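[1] Give me the fold of what follows.
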Amino acid sequence: MKIKSKIFIIIIVIVVILVAAVVIYWESTHGNRSLIDTKYRFDRAIIRLPNGEIADGKVTSWLDYDDSDVVQVTIDGKTYLTHYSNVCLIDE
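    Residues are numbered from 1 along each chain as shown. The predicted structure is shown next:
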């Protein structure tokens, strides 16, 4: 009886580890989400470019840097690196 219960516990632990690994992988590789931040998902971004043009489109991914005022935003496959004052992230 002890061997069966130990095997059962080991199987449960393995399943939990595998599920956690899949969740972490999914969250870290699907761009517009973050594991640590609570709700920072944006659907659209408007970026003011240095030449005066405006880039507007669907956000594929975005990344902020802890020690900087710079944000990296990917809109429709094109990546922009800009200061926070030049970007508006929108949750529709």
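[2] what's downstream of the strand ranked longest in the chain, the next helix or strand?
    With secondary structure taken from DSSP state E, the chain has its longest strand at strand 54-64. Downstream of strand 54-64, the next assigned helix or strand under DSSP states H and E is strand 70-75.
[3] and the angle from that next one to strand 54-64?
    Angle, strand 70-75 to strand 54-64, by axes from the mean of the first three to the mean of the last three Cα atoms, to 10 degrees: 120 degrees.
[4] quick one: strands adjacent to the following helix or strand past strand 70-75?
    Moving toward the C-terminus from strand 70-75, the next helix or strand (DSSP H and E) is strand 78-83. According to DSSP bridges, strand 78-83 forms sheet pairs with strand 70-75 (antiparallel).
[5] What are the contacting residues of the partner strand?
    Strand 70-75 is contacted from outside by 31, 45, 47, 55-65, 79-84, 87, 89, using Cβ atoms under 8 Å, 6 or more residues apart in numbering. Every residue, glycine included, has its C-beta placed from N, CA and C.
[6] before we move on, back to that, in the longest strand of the chain, what's buried?
    55, 59, 62 (16 or more other Cβ atoms under 10 Å).
[7] Please determine how far residue 16 is located from residue 9.
    11 Å (Cβ to Cβ, to the nearest Å).
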